[in-house]
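Q: need the 3D shape of this:
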Amino acid sequence: MRLLIQAGVRPTLLTRHPARLDQATCERVDVVEADLGDAGAVVRATRDADALFWLEPQTADPAADPVAWYAMLGATAARAVTQN
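A: This is a model prediction of the structure:
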């Protein structure tokens with residue numbers, strides 16, 4: 001993200017916790033509060049996007065199946081790309 005900002009791009013940043021962002025970052029990005037697992041929110045937030053840089057978080061649930069977690073997030077990213 002920092003490289004995009006340095007290149008003069010104003011990216012849209014999807015985050016579950018916008019309050020954790022520093023003020024300097026907030027001034028240079030468009031922030032959308034969303035969970036990457038919420039396909040509808042991701043599709044809406046990526047509408048009119050020219051490109052998608054997807055950084056997936058680790059699952060917060062230590063008992064969760066990580067392969068299923070990443071498959072679900074991958075499907076969400078694919079849906080956003082396909083619909084937009």
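Q: dump the residue contacts of residue 54.
A: When contacts are counted by C-beta atoms under 8 Å, 6 or more residues apart in numbering, residue 54 touches 36, 73, 77. The way it works is simple: take the backbone N, C-alpha and C, and place the C-beta from them, glycine included.
Q: show me the strands in the chain, by range?
A: With DSSP state E, the ranges of strands along the chain come out as 12-15, 30-33.
Q: who does the last one pair up with?
A: Spelled out, it's strand 30-33. Here strand 30-33 is paired, per DSSP bridges, with strand 12-15 (parallel).
Q: pLDDT weak spots in the protein?
A: By pLDDT under 70, the chain has no low-scoring segment.
Q: pick out the residue nearest the middle of it.
A: residue 14 (4.0 Å; C-alpha atoms, centre = their mean).
Q: any idea what that residue is bridged to?
A: residue 32.
Q: list the contacts of it.
A: Counting by C-beta under 8 Å, 6+ apart, residue 14 has contacts 32, 33, 34, 36, 41, 42, 45.
Q: again, only using 6 Å
A: The contact partners of residue 14, by C-beta atoms under 6 Å, 6 or more residues apart in numbering, come to 32, 34, 45.
Q: name only those of those that count as buried.
A: 34, 45 (16 or more other C-beta atoms under 10 Å).
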